[in-house]
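Q: here's a sequence, model it:
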Amino acid sequence: MSRAVRAGAVVQPAVFTVDELADYFRISRAGVWRLLHDNRLPKAKIGGRTLIRRVDADAFLAKCVEVAS
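A: Below you'll find the predicted structure:
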């Protein structure tokens, strides 16, 4: 995942590409596409790119933790 660094602080991206989300979740690209295809994770299409908002990714992870608890 690419991160911009300013004055020693790490700026977190507002959106992820499919590849970046796969790295963030530590799953395969196919796993990310499956989540998107099953509508378990919302996506935005901008031009030819598929983007996932960080808030949606974090909310999905929080739901997974609640289910597992």
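Q: where does the protein have low pLDDT?
A: Within the chain, the segments meeting pLDDT under 70 span 1-8, 67-69.
Q: same thing but 90
A: The chain contains residues with pLDDT under 90 at 1-13, 65-69.
Q: the longest strand in it is where?
A: strand 49-53 (DSSP state E).
Q: what helix or strand does the residue positioned nearest the centre of the chain sit in?
A: Residue closest to the average C-alpha location in the chain (CA atoms, centre = their mean): residue 21, at 3.7 Å. Using DSSP states H and E, residue 21 maps to helix 18-25.
Q: for that helix, give me every contacting residue.
A: Contact partners of helix 18-25, identified using CB atoms under 8 Å, 6 or more residues apart in numbering, comprise 1-2, 13, 16, 28-29, 31-33, 36, 50, 52, 57, 61. For glycine as for every other residue, the C-beta is placed from the backbone atoms N, C-alpha and C.
Q: helices - which of those residues land there?
A: 29, 31, 32, 33, 36, 57, 61 (DSSP state H).
Q: drop anything exposed from those residues.
A: Among the ones in helices among the contacts of helix 18-25, those classed as buried by 16 or more other CB atoms under 10 Å are 32, 36, 57.
Q: distance to residue 45 added to those, as CSV?
A: Conversion of these to CSV gives the following (distance: CB to CB, whole Å):
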residue, distance to residue 45
32, 15
36, 11
57, 16
